[in-house]
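Peer 1: Here's a sequence, model it:
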Amino acid sequence: MFLILYKLVTIINLSVALAFSATPQQKYEPATKELAEEIQKCYSKLDLSFENTKEAFKSKSNFDIVRAYVVLRLCAVQTLVKHNQKILATLRATLGQTLFKKVLKSTFYGHFVAGEDPKEVEPVVARLKRFGVKSILDYSVESDLSSEDTVKTAKSSRLAAEVAPAAFKDRVDSKTLQDTRQKYAVHEEFADRRKDVVSARTYFYEGEDVCDRNRDIFMETVDAVASATQGEGFAAIKATALGRPTLLLKLSESIAQTHNFFKTLTGMEKIQFSRLSEEELVKKLKVREFGVKTDSTAVRDWFKSVDFDGDGHVDFHGWSKILDDNAKLGSMFKILNIKTGNLEPLIQNLTEDEEREFANMVRRLVDIAEHAIGKGVRVMIDAEQTYFQPAISRITLEMMRRYNRERGNIFNTYQAYLRHTKDVMECDMQLARREGWHFGLKLVRGAYMEQERKRAAAIGYPDPVNPDFEATSKMYHDCLTRLADEHARRGKGTVSVVIASHNEDTTRFAVNLMKDRGIAPSEKIMCFAQLYGMCDQ
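Peer 2: Model (predicted):
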C-alpha cells in the first residue's frame with residue numbers, strides 16, 4: 001500500500017497568503033463578536049507575499065529542505081521526466097530491489113509519499129498536525145498493466161447492454177444522439193487511461209475479487225486516518241477501483257440521453273434547474289405537438305416513474321433507490337416512447353451478471369461510507385474523466401443525501417476546468433438546500449485536460465474543457481463566490497468546501513473572499529488542500 005498525503009489547512013494556521021480583493025456584491029458581517037475578533041486577529045497576521053520562508057518551512061528538517069531542492073532540480077530535467085519509467089526500471093535491475101527502495105525513499109518517494117502503511121504514515125501526520133495541518137489519506141497503488149493489456153481489458157469489459165433512445169430518436173437531433181453515444185462508448189485507442197495524465201491514479205477492472213480487495217484496502221485507509229488524526233481527517237477514494245468502469249459508462253450515457261429526451265420533450269435547455277408538475281408537463285407536451293395522448297395511462301405512469309419522491313414534480317435527482325440492495329439498473333430509467341405511447345427501458349439487454357456487478361459496486365461504496373462514518377472520518381469521492389463523471393456524481397449525490405443529514409460526511413469533487421462545472425454544482429447545491437442536507441465538496445482544477453481534449457477531437461464530440469487557463473481560473477473563482485453566497489443564504493453547518501489548489505492567485509482570492517464575507521476560520525466552511533510535498537511556500 002502507498003499512501004499519498006494531502007495537506008489540509010484551515011486558514012488560521014496558514015502562514016502564507018493573500019493579497020487581492022474578491023469583490024463580493026456586498027459587505028457581510030460576522031455572526032458574533034467573537035467571530036469578528038477572530039477574523040481581525042487572523043487576517044491581520046497573514047503574510048501576503050508568499051516569501052516568508054521561515055514560516056513556510058518551519059516544519060521541515062534540514063534534510064527535508066535539501067531533498068526538496070534536489071527533487072525540484074531533477075524534475076526540471078526533461079529527459080528524466082520523459083523517460084522516468086525506463087530509468088526507474090533500469091535502476092531497479094541494476095541496484096536490486098532492496099537498495100533501489102532505499103534510494104527512492106530517500107529522494108522522490110520520500111518527498112511526495114507519506115509511507116507504505118499506517119505505521120509509516122502516522123509520524124508524518126502527527127508532525128504536520130503539530131503545525132496546524134490536517135491530513136487526507138489516499139491509497140495510490142495502481143495495476144502494473146502494459147498498454148496492450150489495457151486494450152485487452154477494455155475489449156473483455158464491453159457490455160452486451162446498450163442505451164437505446166429509440167423512443168425519441170426521430171425527435172432529437174441525430175448528431176446530438178450520436179455525439180452522446182460516442183462519448184460514452186468504449187474506444188480502444190483510449191483504453192489506457194493513464195496516458196496524458198500525470199497527477200491522478202488509474203484503476204482497471206481485473207475482476208470482482210480485485211474490486212473487493214480494493215474496497216478492503218480503502219477501509220484500511222479509513223482506519224489509518226481515524227488512528228492518525230483522531231477522527232479529524234479525510235479519506236479519498238475512486239469509484240473506478242470498485243467496479244466495472246463500463247457500467248459507469250452506461251449509467252453516464254443514460255443520464256445524458258435522459259437529459260436529451262427532456263430537452264426535446266419540453267423545449268427547456270436547462271431542464272435540471274426546473275421542477276415540472278404533471279400539469280406543466282402535459283401542457284408542454286401539447287405545445288410541442290408530439291402527438292402523444294396526454295391523458296393516457298402511459299403518460300401518467302411515466303410521470304410517476306420520474307417523480308421519485310412523490311412530491312408531484314418531475315425529479316431528476318430522486319435516485320435514492322440506486323443505493324438499495326435490490327436496485328436494478330435496467331429498470332431504473334424508463335422513457336416514454338413518443339410514437340407508441342408506451343414506457344420502455346432506456347438501458348436494454350443488461351445481463352444478470354452485469355446487474356449483480358453494478359449492485360456490488362454500489363455496495364462497496366456504501367460499505368466504505370458507513371465504515372468511515374462509524375470511525376468519524378469523512379470521505380471524498382474523486383472526480384474522474386467526463387465520460388465516467390455523470391454516473392460517479394449521481395451515485396455520490398445519493399450518498400450525500402443519505403449520509404449528510406447531520407454533517408458533511410461525503411464530499412463530491414467538481415473540476416473547474418470543465419465548461420459546465422458551475423451549472424452542475426449549482427444544480428446539486430439547489431437539491432441540498434431544498435432537502436436540507438449538508439453540501440460538501442472538493443473543488444479542483446482537474447487532472448485529465450490533455451486526455452479529454454484528444455479524446456473529444458478524435459471521436460468527434462464537443463471539447464468539454466474550458467478554452468484557456470483564464471477561463472478555468474474564472475470558473476474556479478465563480479464557484480467559490482457562489483459557495484460563499486450559499487453559506488450566507490443557508491447559514492452555519494450547511495456548506496463546506498475543500499479548496500484543492502496549488503495556485504497562488506486562487507488561494508489569495510479564496511482567503512480575501514472569506515475575509516470580505518466575514519467567514520471565520522473556526523467556522524470550517526473553507527479549508528485548503530495541497531498534495532504532500534508540493535507548494536509548501
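Peer 1: and F528, how far is that from F218?
Peer 2: As judged by C-beta to C-beta, to the nearest Å, F528 and F218 stand 24 Å apart. Any C-beta I mention is one placed from the backbone N, CA and C, and that applies to glycine too.
Peer 1: following the helix ranked longest in the chain, which helix or strand shows up next?
Peer 2: Counting by DSSP state H, the longest helix found in the chain is helix 352-375. Following helix 352-375 in sequence order, the next helix or strand is strand 378-381 (DSSP states H and E).
Peer 1: Tell me the strands beside that next one, with direction?
Peer 2: strand 234-237 (parallel), strand 410-415 (parallel) (DSSP bridges).
Peer 1: export these to JSON lines and tack on mean neighbour count?
Peer 2: Shown next, in JSON lines, are the strands paired with strand 378-381 (neighbours: other C-beta atoms under 10 Å):
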{"stretch": "strand 234-237", "mean neighbour count": "25"}
{"stretch": "strand 410-415", "mean neighbour count": "24"}
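Peer 1: Least reliable of those strands by average pLDDT, please.
Peer 2: Across the strands paired with strand 378-381, strand 234-237 has the smallest mean pLDDT, namely a mean of 91.
Peer 1: Return the distance of that one from the chain's centre.
Peer 2: 11 Å (C-alpha atoms, centre = their mean, to the nearest Å).
Peer 1: Name the residues that touch it?
Peer 2: 6, 8, 135-139, 218, 221-222, 225, 365, 368, 372, 377-382, 411, 498 (C-beta atoms under 8 Å, 6 or more residues apart in numbering).
Peer 1: one more time with 6 Å
Peer 2: 136-138, 218, 221-222, 225, 377-380, 382 (C-beta atoms under 6 Å, 6 or more residues apart in numbering).
Peer 1: Let's see if you can find the most crowded of those.
Peer 2: Among the contacts of strand 234-237, V225 has the most neighbours (other C-beta atoms under 10 Å), with 31 neighbours.
Peer 1: Now it: closest residue in space, sequence neighbours ignored.
Peer 2: G233 (4.2 Å; C-beta to C-beta, 6 or more residues apart in numbering).
Peer 1: cool, and D179?
Peer 2: Excluding the flanking residues, the one nearest D179 by C-beta to C-beta, 6+ apart is Y461, at 4.3 Å.
Peer 1: CA atoms of stretch 489-506 as CSV?
Peer 2: Written as CSV, here are the backbone C-alpha positions of stretch 489-506 (Å, rounded to 0.1, in the frame of the first residue of the first chain):
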residue,chain,number,x,y,z
ARG,A,489,-28.2,32.1,2.5
ARG,A,490,-28.3,28.8,4.4
GLY,A,491,-26.2,29.5,7.5
LYS,A,492,-23.7,27.7,9.6
GLY,A,493,-23.1,24.0,9.1
THR,A,494,-24.7,23.7,5.7
VAL,A,495,-21.9,24.2,3.2
SER,A,496,-18.2,23.3,3.2
VAL,A,497,-15.6,23.3,0.5
VAL,A,498,-12.1,21.9,0.3
ILE,A,499,-10.1,24.3,-2.0
ALA,A,500,-7.7,21.9,-3.6
SER,A,501,-5.3,24.1,-5.5
HIS,A,502,-1.6,24.9,-5.8
ASN,A,503,-2.4,28.2,-7.5
GLU,A,504,-1.3,31.3,-5.5
ASP,A,505,-3.9,33.6,-7.1
THR,A,506,-6.7,31.2,-6.3
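Peer 1: Y28 reaches R517, doesn't it?
Peer 2: Yes. Judged on C-beta atoms under 6 Å, Y28 makes contact with R517 at a distance of 4.5 Å.
Peer 1: so what's Y28 scoring on pLDDT?
Peer 2: 70.
Peer 1: again with I335
Peer 2: So, for I335, pLDDT stands at 65.
Peer 1: likewise L346?
Peer 2: The predicted local confidence for L346 is 69.
Peer 1: Repeat that for M1.
Peer 2: 46.
Peer 1: Equivalent analysis for S156, please.
Peer 2: For S156, the predicted pLDDT is 58.
Peer 1: repeat for E435
Peer 2: For E435, pLDDT reads 89.
Peer 1: now the nearest residue to it once chain neighbours are set aside: how far from A239?
Peer 2: Distances taken as C-beta to C-beta, 6+ apart place R401 nearest to E435, at 6.6 Å, with adjacent residues excluded. Distance, R401 to A239, using C-beta to C-beta: 17 Å.
Peer 1: Now do the buried residues in stretch 464-482.
Peer 2: Neighbour counts over stretch 464-482 (16 or more other C-beta atoms under 10 Å) mark 464-466, 472-473, 475-477, 479-481 as buried.
Peer 1: sorry, back to before: outside of the longest helix of the chain itself, list whatever touches it.
Peer 2: In contact with helix 352-375 (C-beta under 6 Å, 6+ apart) are residues 159, 215, 218-219, 222, 226, 242-244, 247, 328-329, 379, 399, 403, 409.
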